[in-house]
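**Q** What shape does this take:
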Amino acid sequence: MNATLTALIADDEEAPREQLRAALARLWPELHVVAASTNGAEAWDDCLAHEPAVAFLDIRMPGLTGLEVARRLTALATPPLIVFVTAYDDHALAAFDAGAVDYVLKPVDDERLAQALARVRARIAQPAPDVTALQRLLASLPAAKAAPRPIQASVGREVLLIQPEDVVYFEADQRYTRVVYQGGDALIRTPLRELLTQLDPDQFWQIHRSVLVNSRCIAKAVRVDEGTMVVTLRGREERLPVSRQFQALFRGQ
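**A** Purely as a prediction, here's the structure:
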């Protein structure tokens, strides 16, 4: 087994997070845990940063749930294998039947986890799995989101209230996030991963680790060369980069 195989653990509670980390070290010491995320938004960001081969996701987390993180992950060009770790087996069972590698109930039992890891090893040895059924299931689950609130941006002594539908794109800018909207742009302190928990994922697409774009403003995606893609925007000159992970959003029909 490849010693560089990587994994991510996501759980908002420290005790089960560390219990799982210790169990993985005992049962599969070659598996390198590259991130232990404390909520769903952090898990998504860490997956983009580290591209783990396996993601162990708690289902009930603040911000983005494990199911919402899984929904985003299955849309990537190369999604990780997903194992749900949860105190509740309702959604996990359905997701497992649809194509998740497995689910493990809390508190994690070494024998049961070993079975899940055996399934992970078997799947890694196979060609890339078809995640279509899992995508359909995750897309069908209701998203418990409140109505999107206006984006508040300070400009001098004024506080602008920018309606989400007026936003063209968000771009990470060092400690700030740049909001480009119909009529101008402004800086806010809210990071992209937090915005992802507030906005409609069907309207706002992450196309790069630092770019979140209003899909209604996209004119077309252009493949520059084998590994490079950009999107152009309706009525604007910007060309926004699409990272390799997100190029699957523009497969075409």
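**Q** The stretch 101-250 of the chain: helices as residue ranges?
**A** Under the criterion DSSP state H, counting those that start in this stretch, helices of the stretch 101-250 of the chain are mapped to 110-124, 132-140, 192-195.
**Q** Those helices into JSON lines, with extra columns for mean neighbour count, mean pLDDT and distance to residue 32?
**A** Glycine gets a C-beta too; all of them are placed from N, C-alpha and C. Output for the helices of the stretch 101-250 of the chain, formatted as JSON lines (neighbours: other Cβ atoms under 10 Å; pLDDT from 0 to 100; distance: least, Cβ to Cβ, whole Å):
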{"stretch": "helix 110-124", "mean neighbour count": "15", "mean pLDDT": "94", "distance to residue 32": "14"}
{"stretch": "helix 132-140", "mean neighbour count": "16", "mean pLDDT": "69", "distance to residue 32": "25"}
{"stretch": "helix 192-195", "mean neighbour count": "20", "mean pLDDT": "92", "distance to residue 32": "23"}
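**Q** Turn the ones you listed into JSON lines, including distance to residue 219.
**A** Converted to JSON lines, the helices of the stretch 101-250 of the chain look like this (distance: least, Cβ to Cβ, whole Å):
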{"stretch": "helix 110-124", "distance to residue 219": "38"}
{"stretch": "helix 132-140", "distance to residue 219": "25"}
{"stretch": "helix 192-195", "distance to residue 219": "22"}
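**Q** For residue 64, which of those is the nearest?
**A** helix 192-195 (8.7 Å; Cβ to Cβ).
**Q** Contacts only, for residue 5.
**A** 30, 31, 32, 53, 54, 124 (Cβ atoms under 8 Å, 6 or more residues apart in numbering).
**Q** Any regions of the stretch 151-253 of the chain where pLDDT drops low?
**A** Flagging of the stretch 151-253 of the chain using pLDDT under 70 yields the residue ranges 252-253.
**Q** hmm, try it at 50
**A** By pLDDT under 50, the low-scoring segments of the stretch 151-253 of the chain are 253.
**Q** Quick test: name the residue nearest the centre of this structure.
**A** Among the residues of the chain, the one closest to the centroid is residue 44, at 3.6 Å (Cα atoms, centre = their mean).
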